[in-house]
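Student: The following comprises the amino acid sequence and a computationally predicted model.
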Amino acid sequence: MSAPSRPRASGIGRVLVAVYAILAIAALGRSIFQIIDRFDEAPIAFSLSAVSAVVYVLATV
């Protein structure tokens, strides 16, 4: 008898990962723009935003 195989990712799971990836990339883009354009206004906030965006991207992968 063969061992039962693991079920593949369902369609809704793939959709959620794709949406999360889009939002993570958007957060990264926004933070890069804020750092380039307005870093002197709130350097800590924009730096933390960039760090969280990188964490989102890594969580997606």
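Tutor: Arrived safely. Numbers count the residues shown, from 1 in each chain.
Student: Residue 24 versus residue 60, what's the distance?
Tutor: Residue 60 sits 5 Å away from residue 24, going by CB to CB, to the nearest Å. In short, each C-beta sits where N, CA and C put it, glycine included.
Student: now what about the helix or strand containing residue 55, what contacts it?
Tutor: Using DSSP states H and E, residue 55 sits in helix 43-60. Contacts with helix 43-60, where a contact means CB atoms under 8 Å, 6 or more residues apart in numbering, come from 17, 20-21, 23-25, 27-28, 30-32, 34-35, 38-39.
Student: Narrow the residues you listed to those that are buried.
Tutor: 24, 27, 28, 31, 34 (16 or more other CB atoms under 10 Å).
Student: Tabulate the residues you listed in TSV, adding columns for pLDDT.
Tutor: Formatted as TSV, the buried ones among the contacts of helix 43-60 follow (pLDDT from 0 to 100):
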residue	pLDDT
24	94
27	94
28	94
31	95
34	95
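Student: From the residues you listed, which land in helices?
Tutor: Of the buried ones among the contacts of helix 43-60, the ones assigned to helices by DSSP state H are 24, 27, 28, 31, 34.
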